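K.L.:
what's the 3D shape of this:
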Amino acid sequence: MQLGREKRSINETDAEIAYRVASELESKNLTNSANTSVVSKHALLLANFKQMWPVSQWKKWGLFSDDYLELINDHWLQFPPPSEFAQKALGGFYVLFSTVGCWGNIIVLLMYLR
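P.N.:
Here you go, the predicted model:
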């Protein structure tokens, strides 16, 4: 589900970055072949994620950097990012319940102190 987002065509830089990351990690003499396949899979998932979503705009706005993308688990790179409305709705929900919870605790403390 694209949610109104257009797919970008793959940049050469995204493919080059994926190849560079995979080749750098493979050049560190990883003896376990399972580790190199995991590294290659992660680099390909990152390149695919960068192709499908406007990562350059997110970086321009200062939301995150390439280092942050490296920390994301492979499982979550397979799904689209949540919509802006969903993020704001959940943020409002958390603020509301945090406020109600804090006031409830304050009321219990005031009742205890009396």
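K.L.:
just give me the longest helix of this structure.
P.N.:
Longest helix of the chain, by residue count under DSSP state H: helix 84-113.
K.L.:
model confidence over it, on average?
P.N.:
For helix 84-113, mean pLDDT is 96.
K.L.:
pLDDT at the closest residue to Trp53 other than its chain neighbours, what is it?
P.N.:
Once flanking residues are discounted, Trp53 sits nearest to Pro81: 6.3 Å by Cβ to Cβ, 6 or more residues apart in numbering. The C-beta positions use only the backbone N, C-alpha and C, and glycine is treated the same way. At Pro81, the model reports a pLDDT of 82.
K.L.:
what's around Pro81, how many residues?
P.N.:
16 (other Cβ atoms under 10 Å).
K.L.:
do you know how far it is from Asp66?
P.N.:
Pro81 sits 16 Å away from Asp66, going by Cβ to Cβ, to the nearest Å.
K.L.:
got it, and Val108?
P.N.:
Relative to Asp66, and taking Cβ to Cβ, Val108 is found at 47 Å.
K.L.:
what do you get for Lys41?
P.N.:
For Lys41, the distance to Asp66 (Cβ to Cβ) stands at 18 Å.
K.L.:
pretty sure the residue nearest to Trp53 contacts Pro54?
P.N.:
No - counting by Cβ atoms under 8 Å, Pro54 is not a contact partner of Pro81; they are 9.9 Å apart.
K.L.:
for Leu69, give its distance to Ala43.
P.N.:
From Leu69 across to Ala43, the span is 11 Å (Cβ to Cβ).
K.L.:
who's more crowded, the two?
P.N.:
Counted by other Cβ under 10 Å, Leu69 and Ala43 do not tie: Ala43 has more neighbours, with 22 against 16.
K.L.:
give me the element the more buried one is part of.
P.N.:
Under the criterion of DSSP states H and E, Ala43 resides in helix 33-52.
K.L.:
before we move on, what about Pro81?
P.N.:
Per DSSP H and E, there is no helix or strand for Pro81.
K.L.:
give me the buried positions along stretch 41-55.
P.N.:
His42, Ala43, Leu44, Leu45, Leu46, Ala47, Phe49, Lys50, Gln51, Met52, Trp53, Val55 (16 or more other Cβ atoms under 10 Å).
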